[in-house]
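Undergrad: Below is the sequence, then the predicted model.
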Amino acid sequence: MSIYVGNLAYSITPENLTEVFSDYGTVKRVHVPTDRETGRMRGFAFVEMDSSTEEAEAIDGLNGAEWMGRELKVNEARPRENNRSSSKY
């Protein structure tokens, strides 16, 4: 499972997220997507932890929490949808 973290300040770093999520367990990976054109952070990230139990605790503990002046949106990441479908409706 992967955790979606939304409504992030644009100034956050992967290290910031690792520090916050490590209160709930071992952080295996943090991915902070950036805009292809500007290189600017897009306001969300994905975090993977060592176990699904740790991920569930992090979601429960951080969803709705205020961090860096913003209310975090933290939930289980959904699979990416393919919007480049060749079929037409």
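TA: Received, thanks. Residues are numbered from 1 along each chain as shown.

Undergrad: residue ranges for the strands of this protein, please.
TA: With DSSP state E as the criterion, the chain has strands at 3-6, 27-31, 44-49, 66-67, 70-71, 73-76.

Undergrad: so which of these gets nearest residue 15?
TA: Shortest distance between residue 15 and the strands of the chain, using C-beta to C-beta, is found for strand 27-31: 8.3 Å. For glycine as for every other residue, the C-beta is placed from the backbone atoms N, C-alpha and C.

Undergrad: by contact count, what packs against that closest one?
TA: Other elements packing on strand 27-31 under the criterion 3 or more C-beta pairs under 8 Å, 6 or more residues apart in numbering; DSSP states H and E are helix 14-21, strand 44-49.

Undergrad: let's see it at 10 Å
TA: The contact analysis (3 or more C-beta pairs under 10 Å, 6 or more residues apart in numbering; DSSP states H and E) places strand 27-31 against strand 3-6, helix 14-21, strand 44-49, helix 52-62.

Undergrad: List the neighbouring strands of it plus their orientation.
TA: According to DSSP bridges, strand 27-31 forms sheet pairs with strand 44-49 (antiparallel).

Undergrad: quick one: pLDDT of residue 78?
TA: Residue 78 is assigned a pLDDT of 89 by the prediction.

Undergrad: need the contact list for it.
TA: Shown in contact with residue 78 (C-beta atoms under 10 Å, 6 or more residues apart in numbering): 2, 4.
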